[in-house]
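>>> structure of the sequence below:
(6 chains)
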4 protein chains.
Amino acid sequence: MAEFAALGRPRSETARVAVLRAVDDLLVEIGYSAMTMKGIAERAGVGRQTVYRWWPTKAHILVEACADDARGELAFVVRDDPVGAITDFLVALTEFLTASPAGAAYRALLGEAQHDAEVGRLVAAADLLAPPARAVLGQVRGRLRGVPADPFAVAELCGPVVLIVMTGATPPSRLALRAHARRLAAAWS
Amino acid sequence: MAEFAALGRPRSETARVAVLRAVDDLLVEIGYSAMTMKGIAERAGVGRQTVYRWWPTKAHILVEACADDARGELAFVVRDDPVGAITDFLVALTEFLTASPAGAAYRALLGEAQHDAEVGRLVAAADLLAPPARAVLGQVRGRLRGVPADPFAVAELCGPVVLIVMTGATPPSRLALRAHARRLAAAWS
Amino acid sequence: MAEFAALGRPRSETARVAVLRAVDDLLVEIGYSAMTMKGIAERAGVGRQTVYRWWPTKAHILVEACADDARGELAFVVRDDPVGAITDFLVALTEFLTASPAGAAYRALLGEAQHDAEVGRLVAAADLLAPPARAVLGQVRGRLRGVPADPFAVAELCGPVVLIVMTGATPPSRLALRAHARRLAAAWS
Amino acid sequence: MAEFAALGRPRSETARVAVLRAVDDLLVEIGYSAMTMKGIAERAGVGRQTVYRWWPTKAHILVEACADDARGELAFVVRDDPVGAITDFLVALTEFLTASPAGAAYRALLGEAQHDAEVGRLVAAADLLAPPARAVLGQVRGRLRGVPADPFAVAELCGPVVLIVMTGATPPSRLALRAHARRLAAAWS
DNA sequence: GCTTAAGCGAGACGGTACGTCTGGTCTTACT
DNA sequence: AGTAAGACCAGACGTACCGTCTCGCTTAAGC
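Next comes the predicted model:
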């Protein structure tokens, strides 16, 4: 089966990786709003046009840069105890949002989504939070019969922690998260 | 009782109101990120320096412009039934976040807070969500003995709705919110 | 015999002197173009409006500030020898233009006159160079019968030195000026 | 023979010419002091940065814009008669300073040089007046043995006319200039 | 081995917002 | 009515980034 002929010089993998790497670094070093397309290109040692050719905005680069990391960091381990499983996930989520570069990227993107509907769609499509959350919910659903249907299931699980982190409060301790997990289990039993 | 002598020309109330009004309008018309200090000044018919004299960033103006509105729109009516009270609040919150100009401002500010720590502090200080939420929680606490302490009480109440709205999902119906309220009541009983 | 009654508060001599003084200082310290009405007012410890009330531009202040000084520094001593008299005047003129604050003011004003016709008229009206020059020419006219009529007399006397100084060449020595004076005397004999 | 590789997009000749042209026009239309870098860029249909990239101040643009014109307008024709040659040059100089756009530029630059030493050096380096003057002096030196050495030769030739023009007096007639030329010839014979 | 075609780094282009500065004007209370 | 203070509207300053463009060069595939 014939592929489309690849005319001209093929895309440089070196450049692609350098840009993603530069975005990761810059996000940590100077923050989302101080990050510019110009700065990214320079940091990556790449022409400006090369960045614009493959990504229309810094949000798009950021999504590509952090999607894999995000999913990895929220992966969960099987746990027999529902409250324990929920607690583990919430701790991982808190850690992710407050301490991980990928989490910082996610917060920045969710923030930008409030300013720019296009970024909103992008973040919604990337769907970084829901899959890991649904994995936990699926595991728990055997023991807890009242787990709600999808929009609310994920929201009830993640929403409180996300709100706490985004409003800048001190991140909750494992103890507090365990108590929260117990209340969720009660609500869903 | 002696007042401090007012040296020089006093601040123009006209200019102050014109700027707040312009920010309100522009947020609705062109959105947060397209809004510029230059544009605000021009729309308000005010010198650029006058804007900078009183507010360092557009986020500061927005906080001043929407704080009062926000509090008003989330004010709640006393309700005997806990689930009903929670439902009413959640409906008002959803309405606020998705349909009101002040809510749009709040979302923009919460978004900007993820990019700029200074704005984060500002939004935290303005504390727009917590007081109305605490009012509901206070009323409900008589019937429900398990309402948690403060960081989580507000977060469990508002977090799921805020997350749903911020991720761009279709806003929940009153029915879905009532079911969510019932689960909250169960968790807190 | 009755004067017109001076209604209201009389003009503050303190303020007037402070402004003139400030202009003198600032010209030396930061130069003409860096000098602003705002800066003058602040340096003089005077309200901005007070400056604008009495002088429309910094050029007007400068003329008032340096006119007396200028005339003083170019005053000449009677001298029997025509070449000596001319030489003395040219040395004084060179000194004035290159080393004196009043001379710096004169150069700045003559410069500004090339940009702004209103300042041109002002400088022409102040007529700082011509009277001292005419004094020398008057004294010399007894011995030299060919001294030309007015526009050219002053111009031939002062023009070469002024041009040399304004084009930034190294100021001429007394010897060179004496030779120049001898040529002038030859031309006018 | 290898040239240096031209990295990046080459400078736009169109933009360069448009700016020089805009400066020429604006000087005539609104004068030196009303001319702004912003206005020049807009008039030239050029980005502001493009102007700043190649010229630090409007004085630098003006020098580049008028240097060639200036030299052309002061070019002289060979003349056997020394007084006639000097007269011709003085008439051309007067014409240049009072009626030509390039002359207006020269006056503005000489004026600005009194405010800003950097512009002073620039104007001195451009050296617009001296070469044509020296051409005349060279021609005349055969007949007149007393023509002085360089700083004064040019100054005695041009200074009186320049001073008359810069102080805003009515420009001298050809008759007056011829008389002045005769006195110069006498001084230098 | 030559042609064709697209990607590459570099950097200038026309725009425009930034935050600061000054220009002039005005509005206070005080003298 | 003049004064110092200082806010007002207006707009230029020089810088930074936007997204586009034009260079010469590189790197492939197809002839």
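>>> just the residues contacting stretch A:48-59, thanks.
Stretch A:48-59 is contacted from outside by A:11-12, A:15-16, A:19, A:23, A:32, A:35-38, A:40-41, A:44, A:61, A:64, A:109, A:112, A:116, A:118-119, A:122-123, using Cβ atoms under 8 Å, 6 or more residues apart in numbering or on different chains. Where C-beta positions appear, they are placed from N, C-alpha and C, glycine not excepted.
>>> list buried residues within those residues.
Among those, those classed as buried by 16 or more other Cβ atoms under 10 Å in any protein chain shown are A:15-16, A:19, A:23, A:32, A:35, A:40-41, A:44, A:61, A:64, A:109, A:112, A:116, A:119, A:122-123.
>>> do the helix or strand harbouring residue A:151 and chain B come into contact?
Assigned by DSSP states H and E, residue A:151 falls within helix A:150-166. Yes - with Cβ under 8 Å from any Cβ of the partner chain as the criterion, chain B is reached by helix A:150-166 at A:151-152, A:154-156, A:158-164, A:166.
>>> now what about the helix or strand following that helix, what contacts it?
Per DSSP H and E, helix A:150-166 leads on to helix A:174-188 as the next helix or strand towards the C-terminus. Helix A:174-188 is contacted by residues A:82-84, A:86-87, A:90-91, A:94, A:140, A:144-148, A:156-157, A:160-161, A:172, B:146, B:148, B:151-152, B:156, B:183-184, B:186-188 when judged by Cβ under 8 Å, 6+ apart.
>>> flag every buried residue along helix A:174-188.
A:176-188.
>>> how far out from the middle of the chain is stretch A:177-189?
Taking Cα atoms, centre = their mean, to the nearest Å, one finds stretch A:177-189 lying 24 Å from the centre of the chain it belongs to.
>>> kindly apply the preceding question to stretch A:114-122 instead.
For stretch A:114-122, the distance to the chain centre is 15 Å (Cα atoms, centre = their mean).
>>> average pLDDT across the helix holding residue A:151?
Average pLDDT, helix A:150-166: 94.
>>> what residues sit buried inside that helix?
A:151-166.
>>> before we move on, what about stretch A:51-63?
Buried residues in stretch A:51-63 (16+ other Cβ under 10 Å): A:51, A:55, A:58, A:59, A:60, A:61, A:62, A:63.
>>> what about residue A:65, which SS state?
For residue A:65, the assignment made with DSSP: H, G, I helix; E, B strand; the rest coil gives helix.
>>> in this structure it contacts residue A:23, no?
Yes - Residue A:65 is within contact range of residue A:23, at 4.8 Å (criterion: Cβ atoms under 8 Å).
>>> name the element residue A:29 belongs to?
Counting by DSSP H and E, residue A:29 is found in helix A:13-30.
>>> returning to that earlier point: identify the farthest-apart pair in the residues of helix A:150-166 next to chain B.
Farthest pair in these (Cβ to Cβ) is A:151 and A:164. Separation: 20.2 Å.
>>> just give me the neighbour total for the closest residue to residue A:177 other than its chain neighbours.
Excluding the flanking residues, the one nearest residue A:177 by Cβ to Cβ, 6 or more residues apart in numbering or on different chains is residue A:90, at 4.3 Å. Burial of residue A:90 is recorded as 23 neighbouring residues (other Cβ atoms under 10 Å in any protein chain shown).
>>> near chain D, which residues of chain A?
Counting by Cβ under 8 Å from any Cβ, chain A has no residue next to chain D.
>>> please report the distance of the residue of chain A found nearest DNA strand E from residue B:63.
The nearest approach of chain A to DNA strand E comes at residue A:8, 1.9 Å away (Cβ to the nearest atom of the strand). Using Cβ to Cβ, to the nearest Å, residue A:8 is found at 51 Å from residue B:63.
>>> show the contacting residues for the closest residue to residue A:67 other than its chain neighbours.
Closest residue to residue A:67 apart from its sequence neighbours, by Cβ to Cβ, 6+ apart: residue A:126 at 5.6 Å. Contacts for residue A:126 (Cβ under 8 Å, 6+ apart) come out as A:63, A:67, A:109.
>>> mind putting those into CSV with pLDDT?
Output for the contacts of residue A:126, formatted as CSV (pLDDT from 0 to 100):
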residue, pLDDT
A:63, 94
A:67, 83
A:109, 95
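>>> tell me the secondary structure at residue A:77.
coil.
>>> who touches the closest residue to it other than its chain neighbours in this structure?
Closest residue to residue A:77 apart from its sequence neighbours, by Cβ to Cβ, 6+ apart: residue A:88 at 6.9 Å. With contact taken as Cβ under 8 Å, 6+ apart, residue A:88 is in contact with A:76, A:77, A:79.
>>> out of those residues, which end up buried?
For the contacts of residue A:88, buried by 16+ other Cβ under 10 Å: residue A:79.
>>> so residue A:80: helix, strand or coil?
coil.
>>> count of residues packed around it?
8.
>>> what do you get for the one 4 residues further on?
Using other Cβ under 10 Å, residue A:84 has 12 other residues around it.
>>> thinking again about what came up before, distance check, the residue nearest to residue A:177 against residue A:81.
14 Å.
>>> ditto for residue A:186
14 Å.
>>> one more: residue A:183?
The value you get for residue A:183 to residue A:81, if Cβ to Cβ is used, is 16 Å.
>>> I'd say residue A:153 and residue A:137 touch.
Yes - counting by Cβ under 8 Å, residue A:137 is a contact partner of residue A:153 at 5.2 Å.
>>> common neighbours of the two, please.
With Cβ under 8 Å, 6+ apart, residue A:153 and residue A:137 have common neighbours residue A:147.
>>> for residue A:47, what are its contacts?
So residue A:47 contacts residue A:41 (Cβ under 8 Å, 6+ apart).
>>> OK, contacts around residue A:63?
Applying Cβ under 8 Å, 6+ apart, the residues contacting residue A:63 are A:109, A:122, A:123, A:126.
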